[in-house]
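Undergrad: here you go, sequence then predicted model.
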Amino acid sequence: MSDNNFKFSNAVVGLPLFFVLFLWIIYWLQIRFDFDFYQYGIYPRDFVGLRGILFSPFIHENLDHLYNNSIPLLILLAAMQFFYPKQTFGVIVYGILFSGLITWIVGRENFHIGASGLIYVLVTFIFFKGIQTRYYRLVALSLTVILLYGGMIWYVFPDVDQSISWEGHLGGFIGGFALTLFYKTPEYAKPIVYDWQRPDFDPASDPFMKHFDENGNFVPVSYEDDEIIMEYFSSSYPVNYIITKTEQDNEE
């Protein structure tokens with residue numbers, strides 16, 4: 001796989017916009033018709049509360065809650081769709097399921113709502129997957145993501161802020177890392193900078209490389225008195241590499 005696999009498409013913009021717009025529509029319906037969507041959140045260790053695994057990412061408490069989740073989703077979903085287009089849908093679906101299930105198992109007995117669990121899935125997946133690939137562009141993406149959202153790691157601990165669902169954050173973190181192990185790391189080709197890196201490169205036909213033997217030593221072209229004269233490369237301006245022969249060479 002090479003840089004050609006990173007191609008801009010309408011989905012890079014369309015997917016995050018559609019997803020976030022859907023969240024805002026749900027919130028508008030909630031306040032416009034006074035729907036009580038909170039009961040569709042995750043309620044831990046309750047059979048009915050299992051439905052929240054599917055519905056909770058789309059329910060938000062207020063505008064601040066929705067806005068704070070919308071901006072990261074726009075950025076992270078766009079990054080996922082551009083750099084990991086084949087894995088994006090699976091990471092979203094499985095990430096919601098895994099993070100929600102973990103929240104249902106370990107969460108406090110209260111309704112857990114919001115898309116922050118999915119955000120933790122995306123941040124964790126992008127960071128660890130980029131490191132695992134060791135591909136320079138994806139590693140750079142990992143470092144960018146951790147620079148922007150690295151401070152989120154503190155909110156997976158219960159003592160930081162009891163008003164937030166740290167269980168959902170922890171579930172997203174674990175789910176995102178698990179998905180990096182689930183999806184196979186593709187092989188990325190190193191960028192071709194020099195001609196000798198090309199698979200069809202033939203050293204024998206190269207005007208420079210032909211002056212070296214298989215051990216990397218210069219191959220002399222002609223002798224002239226006490227000096228060895230070798231053409232360094234073929235050019236309209238001849239350039240000679242001159243080495244003075246030693247006494248040992250003269251004896252030979």
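TA: The structure has been received and is ready for your questions.

Undergrad: which elements pack onto the biggest helix by length in the chain?
TA: Counting by DSSP state H, the longest helix found in the chain is helix 10-32. Counting contacts by 3 or more Cβ pairs under 8 Å, 6 or more residues apart in numbering; DSSP states H and E, helix 10-32 is packed against helix 63-83. From N, CA and C alone the C-beta is placed, and that goes for glycine too.

Undergrad: for the following helix or strand past the longest helix of the chain, C-alpha coordinates in PDB please.
TA: Reading on from helix 10-32 to the C-terminus, the next helix or strand found by DSSP states H and E is helix 52-55. Output of helix 52-55 as PDB, limited to C-alpha atoms (Å, rounded to 0.1, in the frame of the first residue of the first chain):
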ATOM      1  CA  GLY A  52     -28.800   2.200  25.500                       C
ATOM      2  CA  ILE A  53     -25.800   0.600  23.900                       C
ATOM      3  CA  LEU A  54     -27.300   1.400  20.500                       C
ATOM      4  CA  PHE A  55     -29.100   4.700  21.400                       C
END
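
Undergrad: buried sites along helix 52-55?
TA: Neighbour-count burial for helix 52-55, counted by 16 or more other Cβ atoms under 10 Å, picks out 52-53, 55.

Undergrad: do stretch 41-55 as well
TA: 41-44, 49, 51-53, 55.

Undergrad: and if you look at stretch 89-105?
TA: 91-92, 94-96, 98-100, 102-104.

Undergrad: which one of these sits closest to Val139?
TA: Val91 (18.5 Å; Cβ to Cβ).

Undergrad: show the pLDDT at the closest one.
TA: Val91 carries a pLDDT value of 97.

Undergrad: ok, back up a step: of the buried residues of helix 52-55, which is the nearest to Ile113?
TA: Gly52 (7.6 Å).

Undergrad: tilt between the host helix or strand of Ile126 and helix 10-32?
TA: If you go by DSSP H and E, Ile126 is part of helix 116-133. For helix 116-133 against helix 10-32, the angle by axes from the mean of the first three to the mean of the last three Cα atoms, to 10 degrees is 160 degrees.

Undergrad: buried sites along helix 116-133?
TA: 116-130, 133.

Undergrad: show me the contacts for the spatially closest residue to Leu97 that is not a sequence neighbour.
TA: Nearest non-adjacent residue to Leu97, counting by Cβ to Cβ, 6 or more residues apart in numbering: Ile53, 6.2 Å away. Taking Cβ atoms under 8 Å, 6 or more residues apart in numbering, we find Ile53 in contact with 42, 96-97, 100-101, 103-104.

Undergrad: can we see that at 7 Å?
TA: 42, 97, 100-101, 104 (Cβ atoms under 7 Å, 6 or more residues apart in numbering).

Undergrad: and for Ser56?
TA: Counting by Cβ under 7 Å, 6+ apart, Ser56 has contacts 41-42, 100, 112-114.

Undergrad: please apply the same query to Pro158.
TA: Applying Cβ under 7 Å, 6+ apart, the residues near Pro158 are Trp166.
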